[in-house]
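J.: fold the following, please.
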Amino acid sequence: MKFHQSHWIGLITLLLATPQLSAQIATDGTLGAKTNLSGPDFQITPDLGLQQGSNLFHSFEVFNLKATESATFTGPAEIENILTRVTGDQRSFIDGTLRSEIPNANLYLLNPNGFIFGEHAKLDIQGSFYVSTAKGIKLGDTDTEGFLATPSPDELNNSFFTASPSAFGFLDSPGATIEIVAGDTLEIRNSTFYAPNGQINVTKNRGELQMTDSTFFAPHGQVNITINGSLQISQSSLLKLYDPLRQIDLDGDGNPETVGNVDVSGQGGGRIFIQAAGQFVSNGWLFADVKTNVAESNKETDNFGIDIQVTGRLELNNGALITADNYGENPGVTSLSKLVVSNSVDTMKNFLNLTANLTSMKG
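T.: All right, here's what the predicted structure looks like:
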């Protein structure tokens with residue numbers, strides 16, 4: 001699976017059967033005509049949505065792709081962002097090809113009910129790729145909510161629709177799940193997966209997972225990565241870390257913070273679990289910081305902090321940053337956030353910033 005220019009996703013064998021779906025892709029009529037699109041090669045033309053400046057908006061009731069199907073977004077060359085939402089009550093199953101014929105356009109997928117990516121899923125786009133289960137995407141620097149997953153009656157009159165996407169907000173979004181399951185080598189580049197209060201589950205039966213300039217972000221939720229092989233998390237440039245969509249105000253103090261490559265920080269705490277049968281090499285950032293007091297539910301279930309279990313070599317280098325700190329009323333209470341690393345740290349190159357209230361190194 002590659003999420004970059006000519007992105008190809010090789011995801012899966014999930015213990016889930018492909019859903020039996022009658023209408024694979026259908027618009028909901030809020031931004032254009034209400035219609036069921038014809039496949040297997042679905043053509044998503046600009047007249048099916050709404051163009052505002054350099055943004056092209058689409059709104060679907062259902063959005064699913066089987067393994068032999070494709071969805072191709074088209075539009076004028078001046079389009080920079082394709083923003084799509086799914087307003088129905090089902091999560092999206094994507095096992096075919098997502099394609100954009102608009103040069104360098106970024107593609108955003110928004111469905112509060114969640115996503116499943118299948119083993120045949122492919123991306124063929126030139127811009128960046130964003131997937132979110134939040135209730136909306138903020139546009140510009142105004143205080144308005146932006147492009148919402150639930151259509152509003154007056155949204156067609158909103159002038160801010162011409163502004164560029166600036167943040168995935170709405171931390172009160174109901175928790176939903178993004179599932180990514182793969183067989184062979186999986187490569188994720190220039191991509192963001194966002195599931196506030198929910199889960200991001202990545203499972204590979206074999207091969208290697210390479211994650212570059214990308215983010216799994218589940219504030220006050222969980223990220224579970226289970227690999228029967230090797231895991232590599234890297235940043236090609238520190239500038240990638242300061243993408244506006246990787247800045248969010250987690251504690252409500254008005255100061256946005258940079259989101260890590262794998263991040264569950266938020267009010268009440270969250271959990272990162274990484275298990276790799278092979279080696280784990282990282283110069284990326286892993287955050288599980290508690291911004292207020294740990295939620296009672298998390299205290300009871302031990303569902304917070306970072307747990308890394310690696311059978312092979314663990315190599316942390318080039319500015320790798322791992323934190324599991326508590327910034328609540330009792331920041332010195334070590335039981336409220338923790339970092340557990342199983343097996344030895346084989347190599348630490350250049351510098352490593354490793355910080356937690358409670359740290360356990362095993363192996």
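J.: can you list the buried residues in the lengthiest strand in the chain?
T.: The residue-count maximum for a strand in the chain (DSSP state E) belongs to strand 55-63. Using 16 or more other Cβ atoms under 10 Å as the burial criterion, the residues of strand 55-63 that qualify are 55-63. (C-beta placed from N, C-alpha, C; glycine too.)
J.: find the pair from those with maximum spatial separation.
T.: N55 and V62 (22.6 Å; Cβ to Cβ).
J.: so N36 versus T311, what's the distance?
T.: Distance from N36 to T311, counting by Cβ to Cβ, to the nearest Å: 48 Å.
J.: between the two, tell me which one has more neighbours.
T.: T311 (16 against 13; other Cβ atoms under 10 Å).
J.: for E119, see how far away the closest residue to that one other than its chain neighbours is.
T.: Distance criterion Cβ to Cβ, 6 or more residues apart in numbering; nearest residue to T311, sequence neighbours excluded, is A277 at 4.9 Å. Applying Cβ to Cβ, the value for A277 to E119 is 19 Å.
J.: what about the closest residue to G269 other than its chain neighbours, how many residues nearby?
T.: Excluding the flanking residues, the one nearest G269 by Cβ to Cβ, 6+ apart is F304, at 3.6 Å. For F304, the count of nearby residues is 26 (other Cβ under 10 Å).
J.: same deal with T68?
T.: 12.
J.: what residues are up against it?
T.: 40, 96 (Cβ atoms under 8 Å, 6 or more residues apart in numbering).
J.: need the pLDDT of it.
T.: The confidence metric pLDDT takes the value 91 at T68.
J.: for my notes, confirm it occurs in a strand.
T.: No - assessed by DSSP: H, G, I helix; E, B strand; the rest coil, T68 does not belong to a strand; its assignment is coil.
J.: gap between it and Q43?
T.: Counting by Cβ to Cβ, the gap from T68 to Q43 is 16 Å.
J.: swap in F129?
T.: Taken as Cβ to Cβ, the span from F129 to Q43 is 20 Å.
J.: those two: which has the busier surroundings?
T.: F129 (24 against 15).
J.: quick check: bridge partners of that one?
T.: L107, S191 (DSSP bridges).
J.: that one and K34, how far apart?
T.: 27 Å.
J.: can you check L231 too?
T.: Counting by Cβ to Cβ, the gap from L231 to K34 is 44 Å.
J.: more crowded one of these two?
T.: The neighbour comparison of L231 against K34 (other Cβ under 10 Å) goes to L231, with 27 against 12.
J.: correct me if wrong: Q279 contacts I233.
T.: No - between Q279 and I233 there is no contact, the gap being 11.8 Å when judged by Cβ atoms under 8 Å.
J.: those two: who's more crowded?
T.: I233 (25 against 18).
J.: just the strands in the stretch 1-150 of the chain please.
T.: Taking DSSP state E, counting those that start in this stretch as the test, the strands found in the stretch 1-150 of the chain are 25-27, 41-44, 50-52, 55-63, 70-73, 81-86, 92-94, 97-100, 106-110, 115-117, 122-124, 129-132, 136-139, 147-148.
J.: any stretches of the protein with poor pLDDT?
T.: 1-23, 141-145, 154, 156-160, 166-174, 183, 185, 237-257, 291-303, 326-363 (pLDDT under 70).
J.: hey, C-alpha coordinates of stretch 195-209 in CSV?
T.: The C-alpha trace of stretch 195-209 is given here as CSV (Å, rounded to 0.1, in the frame of the first residue of the first chain):
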residue,chain,number,x,y,z
ALA,A,195,-10.2,8.8,14.7
PRO,A,196,-11.0,11.0,17.7
ASN,A,197,-12.2,8.9,20.7
GLY,A,198,-11.9,5.9,18.5
GLN,A,199,-9.5,3.3,17.3
ILE,A,200,-7.0,2.8,14.4
ASN,A,201,-6.2,-0.9,14.0
VAL,A,202,-3.3,-1.9,11.7
THR,A,203,-2.7,-5.6,11.3
LYS,A,204,-0.3,-7.4,8.9
ASN,A,205,0.1,-11.1,8.6
ARG,A,206,3.5,-11.0,7.0
GLY,A,207,6.1,-8.7,5.5
GLU,A,208,7.0,-5.1,6.4
LEU,A,209,5.1,-2.0,7.3
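J.: now do the buried residues in that stretch.
T.: 195-205, 207-209.
J.: distance to L109 and secondary structure added to those, as a markdown table?
T.: Formatted as a markdown table, the buried residues of stretch 195-209 follow (distance: Cβ to Cβ, whole Å; DSSP: H, G, I helix; E, B strand; the rest coil):
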| residue | distance to L109 | secondary structure |
| --- | --- | --- |
| A195 | 12 | coil |
| P196 | 15 | coil |
| N197 | 18 | coil |
| G198 | 15 | coil |
| Q199 | 17 | strand |
| I200 | 14 | strand |
| N201 | 17 | strand |
| V202 | 17 | strand |
| T203 | 20 | strand |
| K204 | 22 | strand |
| N205 | 25 | coil |
| G207 | 25 | coil |
| E208 | 25 | strand |
| L209 | 21 | strand |
